[in-house]
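Visitor: Quick one: sequence and predicted model below, then my questions.
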Amino acid sequence: MISTVNDLLDSLQSGKFITANFRGFNQALTPKMDTKNKKIMIADDDPGIVDAVEMLLEFEGYEVTSTVDGTTVLDMKDELPDLLLLDIWMSGEDGRDICRKLKQDELTKDIPVIMISASRDIRDSAMMAGADDFLAKPFDMDDLLKKVAYFVQKT
């Protein structure tokens, strides 16, 4: 059964991914809200994580953009997302620094940021950087969808 992003990545890489199973999974996890026109940006330097999460969120009806470069997040001026999924350990940039800068900018300060990391013990530093929430990798896809739904309903 596919329950974490890592499970989804494994099934995609092995070629055993079956759309019907994913659709059944989707029906069990579909948020009870309208996701149309809700924009999510994913910033993670692991292309596999980006692809898997992007596919999951698009399947749920979100409009998704992604980047593997943290500086792209700081350059956004138009088409701001309703929520940002931000990896803490990105090559060239510390996600906590990116989060601090976003939260200090008048244009981006109200965008909810969910920070993600393979290090479970840095939740506190993510929250001190201004993150609205935190997910440790590997995370359960149900947890991700619940957190995303919670924050985008507030925007």
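Guide: In hand now; what should we look at?
Visitor: lowest-confidence helix or strand of this structure?
Guide: helix 19-29 (a mean of 43; mean pLDDT, DSSP states H and E).
Visitor: What helices and strands are in contact with the helix or strand following that helix?
Guide: Using DSSP states H and E, the helix or strand that follows helix 19-29 in sequence is strand 39-43. Using 3 or more Cβ pairs under 8 Å, 6 or more residues apart in numbering; DSSP states H and E as the contact test, the elements touching strand 39-43 are helix 47-59, strand 63-67, helix 70-75, strand 83-87. Heads up, the C-betas are built off the backbone N, CA and C, glycines and all.
Visitor: Go ahead and produce CSV holding the CA coordinates of the second one.
Guide: In this case it means strand 63-67. The C-alpha coordinates for strand 63-67 follow below in CSV (Å, rounded to 0.1, in the frame of the first residue of the first chain):
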residue,chain,number,x,y,z
GLU,A,63,-2.3,24.1,-9.0
VAL,A,64,1.3,23.3,-8.4
THR,A,65,4.6,24.9,-9.2
SER,A,66,8.0,23.6,-8.1
THR,A,67,11.6,24.4,-8.0
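Visitor: I'd like to check the angle between that strand and helix 47-59, please.
Guide: 170 degrees (axes from the mean of the first three to the mean of the last three Cα atoms, to 10 degrees).
Visitor: buried sites along strand 63-67?
Guide: 63-64, 66-67 (16 or more other Cβ atoms under 10 Å).
Visitor: Pull the distance from stretch 115-123 to the chain's centre.
Guide: Chain-centre distance of stretch 115-123: 13 Å, with Cα atoms, centre = their mean, to the nearest Å.
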